[in-house]
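In: return atomic coordinates for the entry below.
(one chain, ligands or ions: 1)
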Amino acid sequence: MVVPAKRNSRSKVKRRRLHQKLKEINLVSCKKCNNKILPHRACNFCGYFYKE
Ligand SMILES: [Zn+2]
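Out: Numbers count the residues shown, from 1 in each chain. You can find the predicted model right below:
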């Protein structure tokens, strides 16, 4: 079993996890009910799917 030689400092852990942050999701408004929905998905509120 591998044992870590030294404990990571708080700043080192934070620096590593800085890049794990999720990107902000892009929301578009539904053409039918104007609620915020995910693009390329059917609307959660009215089930409408916008086709180009
Ligand atoms: Zn809708």
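
In: can you tell me what sits against stretch 12-32?
Out: 8, 35, 36, 37, 38, 39, 43, 45, 46, 48, 50 (C-beta atoms under 8 Å, 6 or more residues apart in numbering). No exception for glycine: its C-beta is placed from N, CA and C like everyone else's.

In: ramachandran coordinates for the third one?
Out: In this case it means residue 36. phi -80, psi 120 (degrees, to the nearest 10).

In: that one: what's it in contact with?
Out: 27, 28, 29, 30 are the contacts of residue 36 under C-beta under 8 Å, 6+ apart.

In: can you give me the pLDDT of the third one?
Out: The reference is to residue 29. Residue 29 carries a pLDDT value of 91.

In: circling back to that earlier point, neighbour-wise, which of the contacts of residue 36 leads?
Out: residue 30 (18 neighbours; other C-beta atoms under 10 Å).

In: tell me which element the residue nearest to the spatial centre of the chain is part of?
Out: The centre of the chain sits closest to residue 22, judged by C-alpha atoms, centre = their mean, with a distance of 4.6 Å. Using DSSP states H and E, residue 22 falls within no helix or strand.

In: follow-up on the earlier one: just checking, which of the contacts of residue 36 belong to helices?
Out: Nothing among these maps onto helices, per DSSP state H.

In: close to the ion as well: tell me which of those residues qualify.
Out: Restricting these to those near the ion by C-beta under 5 Å from the ion leaves residue 30.

In: okay, the contacts of residue 36 in CSV with distance to residue 17 next?
Out: Output for these, formatted as CSV (distance: C-beta to C-beta, whole Å):
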residue, distance to residue 17
27, 25
28, 30
29, 33
30, 35
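
In: hang on, the earlier thing: tell me how far the residue nearest to the centre of the chain lies from the ion.
Out: Going from residue 22 to the ion by C-beta to the ion, to the nearest Å gives 24 Å.
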